[in-house]
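Peer 1: below are the sequence and a predicted model; questions follow.
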Amino acid sequence: QVQLVESGGGLVQAGGSVRLSCAASGESFSSYAMGWFRQAPGKEREFVAAISRTGIITTYADSVKGRFTISRDNAKNTVYVSMNSLKPEDTAVYYCAATQRPSISTWSVTRTYDYWGQGTQVTVSS
């Protein structure tokens, strides 16, 4: 099993930046592709970004492409998402998740992921 703990959320002004971290413990972190999702009040959880086990392949939701960057450090068992040019509509609880499925075509789907963190709140004020 893998345990995931997110951190780095908070209140930020529109146009600002924040970096979220997700620390993993348990089984080999490098054997998992990792994803970030978010959920705003009253809305379904949606895909934000994902990264392959080695970090070579990344994919993003259209709504964050060019503003968010996902990365990972397998030596530190941590995945990050750097979020720039934040908008009020980026306000949500952000979750990291882990999957052993290798196919990039599945990474945007919540049911692909086996393990989830507890989430961290990001609030963007206008």
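Peer 2: Happy to help now that I have it.
Peer 1: break down the chain into its strands, ranges please.
Peer 2: Here the chain has its strands, by DSSP state E, at 2-7, 10-13, 18-26, 33-39, 46-51, 58-60, 68-73, 78-83, 92-99, 115-116, 120-125.
Peer 1: looking at those, spot the one closest to Val109.
Peer 2: Of all the strands of the chain, the one in closest proximity to Val109, counting by C-beta to C-beta, is strand 46-51 (7.5 Å). Any C-beta I mention is one placed from the backbone N, CA and C, and that applies to glycine too.
Peer 1: report the rounded mean pLDDT for that closest one.
Peer 2: Along strand 46-51, the predicted confidence averages to a pLDDT of 98.
Peer 1: tell me which residues in that strand are buried?
Peer 2: Along strand 46-51, these residues count as buried under the neighbour rule (16 or more other C-beta atoms under 10 Å): 47-51.
Peer 1: just the closest of those residues to Gly10, please.
Peer 2: Taking C-beta to C-beta as the measure, Val48 is the one of those closest to Gly10, at 17.0 Å.
Peer 1: touching, that closest one and Tyr94? I think so.
Peer 2: Yes. At 7.2 Å, Val48 and Tyr94 qualify as touching, with contact defined as C-beta atoms under 8 Å.
Peer 1: what touches both of the two?
Peer 2: With contacts defined as C-beta atoms under 8 Å, 6 or more residues apart in numbering, the residues adjacent to both Val48 and Tyr94 are 36-38, 81.
Peer 1: contacting residues around Thr123?
Peer 2: Thr123 is in contact with 10-12, 91, counting by C-beta under 8 Å, 6+ apart.
Peer 1: show me which pair in the residues you listed is furthest apart.
Peer 2: Checking the contacts of Thr123 with C-beta to C-beta, the most distant pair is Gly10 and Thr91, at 11.4 Å.
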